[in-house]
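[1] sequence plus predicted model, see below.
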Amino acid sequence: MAVDGERDDGAKAETEASKEPKLSENVKENEIDSKIDAKVDEGNAETKNIQEKKDVVEKSENSLTISDANEKEHAKEIEICANSLPISDGNDKESAMETEKGENASSISDGNEKENAKETEKGKNSSSISDGNEKENAKETGTGKRKLAVPDGNEKKKKDEFSLPQSDESVEENRNENDKPESSSPSSDSRNEENILLSDLKEYERKSLAELRSLLEVAILANKLFKEVKENKEESAKEYSIENKDEQSNNIEENQNKNEENDVEKGKEKVEIDKNITFWGVPLLPSKGDERTNILLFKFLRAREFHADDAFEMLKNTLEWRKENKIDSILDEDFGNDYDSLSYMAGFDLEGNPVCYNVYGVFADDELYNKMFGTEASRERFLRWRLQLMEKQIQKLDFRPGGTSSLVQINDLTNAPGPSRRDIRVATKHAVGILQDNYPEFVAKNIFINVPFWYYAFNAILSPFLTQRTKSKFVFSRPARVTETLLKYIAAEEIPVNYGGLRRENDPYFSTDQDAAYEVFVKAGATETIEIPAPEVGSTLIWDLIIIGWDVTYKEEFVPNDEGSYTLIVKKGRKIVWENESIRNTFRNNEPGKIVITIKNGIFKKKRVFYRYMAKDPSA
C-alpha cells in the first residue's frame, strides 16, 4: 500500500521526467508493502512467543516441584508429624486460606498486570504475594515452605510452619536468616524459659522445633534412632571379607535381603515397639500428639542453641548412653543408706520447680570420704548413685506446658573439703560432664550457699568445661547472705529452718501448701509491731518468725482486751544479733487479748520480717 505523501512525490517526479515509465512507481509501492507485511509477521511471531511463555509460566505456577523422590517422601512424613504440634503463628486467617484442603500452592496472583508482564517477558518463574508481608512470604515461597493447620493443647485451631527437606547449604542459610535473634545467650530472653508455653515461642524457635520433630519422626519410623541398627549392618558387611569381591558383594546383598524379609515377618510387632518408645515416661514419636513431647524436645534444642541437627544428635547420643548404662533400670538399684546424708528433696521454688539440697560438708569426714572416693569402684558407685538421684528428681516433673519440667539445686558448701581432695574434684568434674550432656536444661538454678573463698578458684578451673547457658544458672552466696539469696527464688515457708526459713520436716502445726508467710518491712531506725489476735479463752497460739539480717531488739507480750488486766511478758526484750533458725513460740491465753511482737531496728538498713501464726482450738 502506498502513502499519499509518496504519491505526491511520485507525481512531481513524473512531471519532471515525463519519459520515466509508470513501472518504477509500482515497484516502489510493492517494496513498501513488503516491508510493512514483514513487520506485521514479525509482531505476530513475537506475540506468539509471549503467549507460549505465559502458558509455561501458568503451568509452572500450578505445581510445586521437589528435587527428587526422597524429598517427596520426606514431605509426607513431615505432614504426619506436623498434625500434632500445638503452635500458633499468630496469623490464623491468612494461614487457613493458604492451607485450605492441604493444597501445596506456592504462588498467588496480585493483580498487577504490568509487573507480571515484565516478569513474563524476562522468562522468570516467580509469583507475587499479597498477604501484607511480602518479604517474609517471598522467603517462604522461595525455600519451598508451606503452612499446615494443627491443633494445640487447648483444642484451638492454630497454624505452624514446616519446611521441606533442604540441602546442607540451605540449612546453613536458614540459620542466618533475619528472623533469628542476634544473640542466643540466655540473658537476651526475659521469659521464664523453664515453664514457657509453646504458644509463646518465637519464630525461629518454632521452626527449629518443627525441624527436630521431623527428624525424630523419620528416625523412629525408619528404625534408625539407635546407632546399633547402622553398626550391625557395618559388622555384617565386615564378616563377608572374602577374596572374591563379587562373591562378597553377593553374600552381603543376600544377607541384607534376608534381614529385610525377617523384619517384614516380624514387622508389625517391631514397629509397634518402636512407635511406643518413651523417654522419662514421655512418648518420643511426635505424631502421637502428646504435648509433653514438645517440652522434652525443646530442652535439647535450647541446649544446642536451636540448631535442630545438633539437638537431634544430642538426643540420639543420650538415648544410646542410657541404653549402654542401663539407666532406665537404675531406680531399682539399692545403694543402702550410705548416701542419705548427702542429698534430700525439700519443697518447691517460686515457679513450682522441686528443690534438691546437696550437703558437701559430710565429705569432711575422712572415713566417709575414703569410703566413697578411695577406689575406682567406689567412685563409679558414687556416680551411679548420683544418676539415680537425678532420675528420682525427674519423677516429680510432669513436662506439661506451664507445668514443672526443671529442678533447682541448692549446694551447701559448709565445711566442704578443699581443692586438695583430688578424688572428689575428679569425680565432680566427671559427674557434671555426664549430667550436662544427658540431662539438658533440667536445672533451672544451681545455687551455691556458704561458699568459702577457695571455691571461687575451684569454680574458675571448672568453668571452661561448662556451656554458657549452664554457667548463667549458677548463683553464689556467702554465709551471711544465705537466707536473703534463697528468698529470691524460694518462698520463706519453703526454705528449711537451718537455712533461715520457716520449713520444718513433719511439722505438726503448719503446712507449706496452706500456711503462707506474711511479710513486714521495718524501716531503718524505726520500730514495728506485729499483732496476733487471741479472741477465744483457752486457745493455744503458735507462731513462726524470721528477720533477714537480724541485728534487732526483739520482745513478745500478751496484751488483754480488758484494760484492767495486766500485760504478760511472753519473751523478754533482748538484742538478737544472729539466729540460725526461725523463732517459734507458743502461748495459751486465759482471757481474750492479743500477742504483740515488737521489733526495733536500730541500724540504718531496712529489715524484712516473715511470720505466720495459727490458733489451736481449745476443745482440741
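    Great, that's in hand. Residues are numbered from 1 along each chain as shown.
[2] give me the below-cutoff pLDDT ranges for the stretch 201-350 of the chain.
    228-274 (pLDDT under 70).
[3] try 80
    For the stretch 201-350 of the chain, the stretches with pLDDT under 80 are 227-274.
[4] what do you get for the chain?
    Residues of the chain meeting the criterion pLDDT under 80: 1-200, 227-274, 419-420, 457-463, 465-467, 469-470, 579-580, 618-620.
[5] thought residue 280 was touching residue 393?
    No - counting by Cβ atoms under 8 Å, residue 280 stays clear of residue 393, with 10.9 Å between them. All C-beta atoms are positioned from the backbone trio N, CA, C, and that covers glycine.
[6] look at those two and report which has more neighbours.
    Taking other Cβ atoms under 10 Å, residue 280 and residue 393 do not tie; residue 393 has more neighbours (20 against 16).
[7] that one: which element?
    In the assignment (DSSP states H and E), residue 393 maps to helix 376-394.
[8] give the buried residues for that helix.
    Within helix 376-394, the residues scored as buried using 16 or more other Cβ atoms under 10 Å are 378-379, 381-382, 385-391, 393-394.
[9] could you find the closest non-adjacent residue to residue 557?
    residue 596 (5.0 Å; Cβ to Cβ, 6 or more residues apart in numbering).
[10] after the strand or helix carrying the one you found comes which helix or strand?
    Assessed by DSSP H and E, residue 596 sits inside strand 593-600. Downstream of strand 593-600, the first helix or strand assigned by DSSP H and E is strand 607-616.
[11] neighbouring contacts of that following strand?
    When contacts are defined by Cβ atoms under 8 Å, 6 or more residues apart in numbering, strand 607-616 is touched by residues 487, 492-493, 502, 509-510, 515-522, 528, 530, 532-534, 536, 539-549, 552, 595, 597, 599, 601.
[12] show the subsequent helix or strand relative to the strand or helix carrying residue 431.
    For residue 431, the element it lies in under DSSP H and E is helix 422-438. Using DSSP H and E, the helix or strand that follows helix 422-438 in sequence is strand 443-449.
[13] relative to helix 376-394, how tilted is that following strand?
    Orientation check (axes from the mean of the first three to the mean of the last three Cα atoms, to 10 degrees): strand 443-449 against helix 376-394 gives 120 degrees.
[14] tell me the strands beside strand 443-449, with direction?
    Paired strands of strand 443-449, with direction, are strand 407-412 (parallel), strand 474-476 (parallel) (DSSP bridges).
[15] re earlier: buried residues of the strand holding residue 596, list them for me.
    593-597, 599-600.
[16] hmm, back to that, only alpha carbons, please: show the helix holding residue 393 as CSV.
    C-alpha atoms of helix 376-394 as CSV (Å, rounded to 0.1, in the frame of the first residue of the first chain):
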residue,chain,number,x,y,z
GLU,A,376,37.8,-46.5,91.2
ALA,A,377,34.9,-48.9,92.1
SER,A,378,33.7,-46.6,94.9
ARG,A,379,33.8,-43.5,92.6
GLU,A,380,31.8,-45.4,90.0
ARG,A,381,29.3,-46.4,92.7
PHE,A,382,29.0,-42.8,93.8
LEU,A,383,28.4,-41.6,90.3
ARG,A,384,25.8,-44.3,89.8
TRP,A,385,24.0,-43.1,93.0
ARG,A,386,24.1,-39.5,91.7
LEU,A,387,22.5,-40.5,88.5
GLN,A,388,19.8,-42.4,90.4
LEU,A,389,19.2,-39.3,92.5
MET,A,390,18.7,-37.3,89.3
GLU,A,391,16.2,-39.9,88.0
LYS,A,392,14.3,-39.7,91.2
GLN,A,393,14.0,-36.0,91.0
ILE,A,394,12.8,-36.2,87.4
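[17] angle of that helix against helix 422-438?
    Using the same axes, to 10 degrees: helix 376-394 against helix 422-438 is 40 degrees.
[18] what is helix 376-394 packed up against?
    Here helix 376-394 touches strand 343-348, strand 354-359, helix 366-373, helix 422-438, going by 3 or more Cβ pairs under 8 Å, 6 or more residues apart in numbering; DSSP states H and E.
[19] of the ones you listed, flag the one that's most buried.
    Burial of the helices and strands packed on helix 376-394 is given as mean neighbour count (mean count of other Cβ atoms under 10 Å); strand 354-359 ranks first at a mean of 20.
[20] given that strand, what are its sheet partners and their directions?
    With DSSP bridges as the test, strand 354-359 is paired with strand 343-348 (antiparallel), strand 407-412 (parallel).
[21] switch the ones you listed over to TSV; also include distance to residue 307.
    Output for these, formatted as TSV (distance: least, Cβ to Cβ, whole Å):
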stretch	distance to residue 307
strand 343-348	32
strand 407-412	25
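[22] and residue 216, which of the ones you listed is closest to it?
    Evaluated over the strands paired with strand 354-359, closeness to residue 216 peaks at strand 407-412, with 24.3 Å, by Cβ to Cβ.
[23] send me the closest one as PDB with only the CA atoms.
    Provided in PDB are the C-alpha atoms of strand 407-412 (Å, rounded to 0.1, in the frame of the first residue of the first chain):
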ATOM      1  CA  LEU A 407      14.800 -28.600  89.100                       C
ATOM      2  CA  VAL A 408      16.500 -26.300  91.500                       C
ATOM      3  CA  GLN A 409      19.800 -27.400  93.100                       C
ATOM      4  CA  ILE A 410      21.000 -26.000  96.400                       C
ATOM      5  CA  ASN A 411      24.600 -26.900  97.100                       C
ATOM      6  CA  ASP A 412      25.700 -26.300 100.700                       C
END
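[24] helix/strand/coil for the nearest residue to residue 362 once chain neighbours are set aside?
    The shortest distance from residue 362 to any non-neighbouring residue, by Cβ to Cβ, 6+ apart, is to residue 341 (5.1 Å). What DSSP: H, G, I helix; E, B strand; the rest coil gives for residue 341 is coil.
[25] was I right about residue 341 contacting residue 359?
    Yes - counting by Cβ under 8 Å, residue 359 is a contact partner of residue 341 at 6.6 Å.
[26] report the contact partners of the spatially closest residue to residue 589 that is not a sequence neighbour.
    Here the nearest residue to residue 589 in space, its sequence neighbours aside, is residue 534; by Cβ to Cβ, 6+ apart that works out to 4.5 Å. Counting by Cβ under 8 Å, 6+ apart, residue 534 makes contact with 541, 558, 587, 589, 592-595, 615.
[27] now swap in residue 345 and tell me
    Neighbour list for residue 345: 354-357, 392-393, 396 [criterion: Cβ under 8 Å, 6+ apart].
[28] now, among the residues you listed, which is nearest to residue 576?
    Checking these against residue 576 by Cβ to Cβ gives residue 357 as the nearest, at 25.6 Å.
[29] and that closest one, how close does it get to residue 457?
    Look at residue 357 and residue 457: by Cβ to Cβ, to the nearest Å, they are 24 Å apart.
[30] cool, residue 202 as well?
    Taking Cβ to Cβ, one finds residue 202 at 39 Å from residue 457.
[31] who has more neighbours, these two?
    residue 202 (14 against 10).
[32] that older thread, for the buried residues of strand 593-600, which one is nearest residue 575?
    For these, the nearest to residue 575 is residue 600 (9.4 Å; Cβ to Cβ).
[33] which residues does the closest one bridge with?
    Going by DSSP bridges, residue 600 forms beta bridges with residue 527, residue 553.
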